[in-house]
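In: got a sequence here, can you model it:
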Amino acid sequence: MNRKQRTLLIVGGFALALTLFFSAAASASQLQDRMKARLPEIVALKSQGVIGETYQGYLEFVGKSREGADIVAAENADRTTLYTAIAKKTGTTVEQVGSRAALKWKENLAKGEYFKNPDNNWIQK
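Out: You can find the predicted model right below:
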């Protein structure tokens, strides 16, 4: 391989790495923006007792009401994406990341909000 080919290969690899880096950064930023945008609606649904946090790090409906189903589905999908990225980066599993996140979600619940324990029972803070 001559010098020109090596240079093109290195420049091409660098360009590819930059593209992947900025693409991932843009995706992370978009994920964060979507989650922030949904937060007021999620807080409202939690305070109304419609949804709660689970020990697995996801949102679930506490009762029969499915108000905000699209918001819950979108949030859970984004949490899965986030947990997957963290798991890959830290060399752990998505389930472990979700369980750790659940502890943080549980700590930050407001009075009257719900958390689902591993025994599948809802507790109210």
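In: residue contacts, the spatially most central residue of the chain?
Out: Geometric centre of the chain, nearest residue: R79, 2.0 Å, by CA atoms, centre = their mean. R79 makes contact with 57-58, 98, 101 under the criterion CB atoms under 8 Å, 6 or more residues apart in numbering. (C-beta placed from N, C-alpha, C; glycine too.)
In: and the strands in the chain?
Out: Ranges of strands within the chain are 51-54, 59-61, 114-116, 122-124, based on DSSP state E.
In: okay if I get the ones you listed as TSV plus distance to V94 and mean neighbour count?
Out: Shown next, in TSV, are the strands of the chain (distance: least, CB to CB, whole Å; neighbours: other CB atoms under 10 Å):
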stretch	distance to V94	mean neighbour count
strand 51-54	14	24
strand 59-61	16	18
strand 114-116	18	20
strand 122-124	23	13
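In: and these as TSV, adding distance to T93?
Out: Formatted as TSV, the strands of the chain follow (distance: least, CB to CB, whole Å):
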stretch	distance to T93
strand 51-54	16
strand 59-61	20
strand 114-116	20
strand 122-124	25
